[in-house]
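> I need the structure of the sequence given here:
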Amino acid sequence: MSERKRVVHEERSNSARVPDLASAGVVLIEWLRGEGLWGQLTERLKIQREGGYPGIDAFVFLIYLFTSGLRLGVKEFGERARKCHGQLAAVGERARLPTQASMSRILAAVSPEMLKEFGPWLLREAAGTRAVLNHPSVLTRDAEGAGWHVFDWDPTITTLRHRALPVFENMPQANRRSESLAAPGYPGRKRGDVQFSRGTLQHAGSGLWLGIEMGPGNGAHRHAVSSAIEQVVATCEGAGLPKEKALLRMDGAAGNVPAITGCIKAALHFVTRLAHYHLLENDAVKRHLNEAQWYVVPSSGSGPTRQAADLGRVTLEAAPTSVQADGGAFAPVEVRVVVSRFLAAGEGRGAGHVIDGWQYELYGTNLTAAAWPEVEVVAGYYGRCGQENRFSQEDSELGLDRIFSYHLPGQHLANLIGLFVWNFSICRGMDLECPPRELPAQTVATRTPVEQTPRLPEVEAAAPLVETAIGPSTPVPAIDASSSVDPNLDVAPMMNALDWSAMLLRYDGWRWLTESQSLLCPAAHVLPLAQIEHVKGQPIRARFVANSGTCDSCELRPSCITSVDPLYKKDVRLCIPPPLAAPLREMWLRAREQKPSKPELHAKPQKTPRHTARMKPLVWFPLPTAAEQTPLVVAPPILLPATLRKQNRATCSSLEIEIIVAFGPPVDRPSPVLATSPTQRQRRRLTWPERLRFNELRSGSTVELRLYGLHAAAVRRLLPDAPSTANAA
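Residues are numbered from 1 along each chain as shown. Predicted coordinates for the structure are as follows:
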């Protein structure tokens, strides 16, 4: 362990001064050391490798990278910091900073198991978020004046493009580095061939990031939502926040019974968008909404003017394919449903269902109508847009939109350290500013009723208000089976001619079924032929996909499927040999073109809801008429996290830092051809302390830090073990 002399007042030395890009990183590492967190960090960040730099060296390097504010890659930043890498590493008691190649190898060795505990600790406890979370300025106050801690969870997608790879004679087989990082999926408005997902949890009032989950493709939404719920509960318990006043806002990806059930079990309040638009097909619901009082939703004016009305308490049932981890079915859940609408542009776009030129959206919550009126539920849901702005700020300030490692856990670790720098800047900005705790008074709400409202079309026959059966309003037209073309039958002779024993060589126990043109797995489940596909840059493949529910409770699932998503269906893609590949692909496409389109279920100008085919009896109870009250306007948080980060950056960037390292006496190195111990002779696995000794600062070394500049005194007060400011430079 090196000896340290902190913040001395001497003559300046140009040779000892480090570049300004390292000032914020030096302050951050010194703060961790003064708080006694450096040892915990070293103990928790354990990356198992055969040798070389341990995890703490990667942490030091990435801290300097993300605090530099330069948005550089690992290679370019390493070259810029090479001249003073010994001084920068010595601040963290290390001998030197890793090179770009070493950083690549360290991140490639990160395990997902280590991140499960390290990530939440780094973002919440190591950054010192408790004081910020307990400040009144981060609260959202409801219509009754009570303060709430609002959390936002939102998954984002990072896409990668696959360029065409040339294929010439004597070339090795093409290998894409992104195969271990990303997978095909639904990219939304982004363009790309493969992608990975990052589900992020943020405290809306403070702007603090509290947890992330990453996965290839679109990720496992159910696992990510469950993790977000656990992180909200852990944050409340760790910071002493009242869990009964915690509100989790989620997008439509969590508007389902499994996610709502998780919130209810954790005793959390939630707001999410629902896709149960079959409710709008029920005549009792239509009459209720036609007679209900609609109100104008307050907004910033940047989007359409919405109207909102309370529908009442609705019992939602899970889809038949939605099962719990133990295979059991989900119990129905009762939620309060709020309906909003606005004039649609054309046929409408985005979420919602268009009826007679109006686009309707549904929101589910368990908030009370007294504390959160219908207009505040809708406005509160769209308050999630602030998180989108912070995603942009995060990319602008930290550059987290780049690839740091093609190993997904390594990319995860780099993102965690970058978000830790974000949290640290907010918390230290709060320490520097010390804002007052008094809050402005709330004003009385004046809701604007809608006088002339559009009416939903109703049928003439009366329908009961409660437990009304919902179904299609018109019979489904019959489909002429003789006119349809089944691609599987057209390609059957050529598919049967393939050498299936060779194609299934890697699949023990799998068989080809000639009659049904399907694969039979070892569990005796059938995987029908779904497509003969040709992805750019890949050979032509036959794709077989199991039906919904086939793999949910299969006994052989643990040895067959690596995905943790309980709803994942087995997907097998087999390369077709070249002589038959192109003709099979052409025949498949020709058969698909000849297949007639499905007739519409309803003769309506707008599209039919996706849920019409599985509509179930509706259990619905309108909310009782509330007594006249004078609710308050819901007050959003008044803290400005971006200003706190800016203040912290300005304070650190104005510093002039000198680092003087006096190395201890050199240690005699043993002969490289002689073993110094039985451990080295037998090449045993090293203990964690032994691994940490690699690149450790030489014993007896001393490190002197000298701070100069306009805000040097403020930084000294910020550092926990700083001396008196009487010796300020």
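> can we go C-alpha only for contacts and neighbour counts from here?
OK.
> Pass me the low-pLDDT residue ranges in this protein, would you?
1-14, 346-349, 459-490, 537, 564-567, 592-618, 625-630, 721-729 (pLDDT under 70).
> Could you find the residue nearest the spatial middle of it?
residue 199 (1.0 Å; C-alpha atoms, centre = their mean).
> Quick one: neighbours of the nearest residue to it once chain neighbours are set aside, just the number.
Spatially, and ignoring its direct neighbours in sequence, residue 199 is nearest to residue 155 (3.8 Å; C-alpha to C-alpha, 6 or more residues apart in numbering). Neighbour count of residue 155, defined by other C-alpha atoms under 10 Å: 20.
> And what about residue 155, helix, strand or coil?
strand (DSSP: H, G, I helix; E, B strand; the rest coil).
> hmm, back to that, who touches the helix or strand the residue nearest to the centre of the chain falls within?
Here residue 199 sits within strand 194-203, counting by DSSP states H and E. Contact with strand 194-203 is made by 149-162, 181-185, 187, 208-219, 224, 228, 387, as judged by C-alpha atoms under 8 Å, 6 or more residues apart in numbering.
> change it to 7 Å
For strand 194-203, the surrounding residues in contact (C-alpha atoms under 7 Å, 6 or more residues apart in numbering) are 150-161, 181-185, 208-219, 224, 228.
> Go through the residues you listed and flag which are in strands.
With strands taken from DSSP state E, the overlap with these comprises 150-160, 208-216.
> Got a PyMOL select line for the buried ones in these?
In PyMOL, a selection of the buried entries from those looks like this (16 or more other C-alpha atoms under 10 Å):
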select buried, resi 150+151+152+153+154+155+156+157+158+159+160+208+209+210+211+212+213+214+215+216
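> partner residues bridging the residue nearest to the centre of the chain?
Beta-bridge pairing of residue 199 under DSSP bridges involves residue 155, residue 213.
> how many neighbours does residue 572 have?
Neighbour count of residue 572, defined by other C-alpha under 10 Å: 16.
> for the strand or helix carrying it, which positions count as buried?
Using DSSP H and E, residue 572 sits in strand 571-575. By neighbour count on 16+ other C-alpha under 10 Å, the buried set for strand 571-575 is 572-573, 575.
> Relative to the whole chain's centre, how far out is the longest helix that the chain contains?
Ranked by residue count, the top helix of the chain under DSSP state H comes out as helix 408-433. Helix 408-433 sits 16 Å away from the centroid of its parent chain (C-alpha atoms, centre = their mean, to the nearest Å).
> again with stretch 687-700
On C-alpha atoms, centre = their mean, the centre of stretch 687-700 falls 35 Å from the chain's centre.
> tell me how far the ends of that stretch are from each other?
Using C-alpha to C-alpha, to the nearest Å, one end of stretch 687-700 lies 23 Å from the other.
> quick thing: my sequence starts at 49, can you match it?
Yes, from this point I'll number from 49; that puts the last item at stretch 735-748.
> Which residues does the strand holding residue 620 contact?
For strand 619-623, using C-alpha under 7 Å, 6+ apart, the contacting residues are 551, 587-594.
> Check stretch 727-742 too.
Applying C-alpha under 7 Å, 6+ apart, the contact partners of stretch 727-742 are 100-102, 723.
> cutoff 6 Å now
Residues outside stretch 727-742 that contact it (C-alpha atoms under 6 Å, 6 or more residues apart in numbering): residue 723.
> gap between the two ends of that stretch?
Using C-alpha to C-alpha, one end of stretch 727-742 lies 16 Å from the other.
> Would you mark the buried spots in that stretch?
Buried positions in stretch 727-742, judged by neighbour count with 16+ other C-alpha under 10 Å: 739-740.
> Repeat that for stretch 558-570.
Buried residues in stretch 558-570, counted by 16+ other C-alpha under 10 Å: 558-560, 565-569.
> hmm, back to that, the residue nearest to residue 247 and residue 433: what is the separation?
Applying C-alpha to C-alpha, the value for residue 203 to residue 433 is 13 Å.
> Pull up the overlap in contacts between the two.
Shared contacts of residue 203 and residue 433, defined by C-alpha under 6 Å, 6+ apart, are absent.
> Adjacent strands (with direction) for the strand holding residue 620?
Strand 619-623 has the following strand partners under DSSP bridges: strand 589-593 (antiparallel).
> Just checking the distance from the strand it pairs with to the centre of its chain.
Averaging C-alpha positions (C-alpha atoms, centre = their mean) puts strand 589-593 30 Å from its chain's average.
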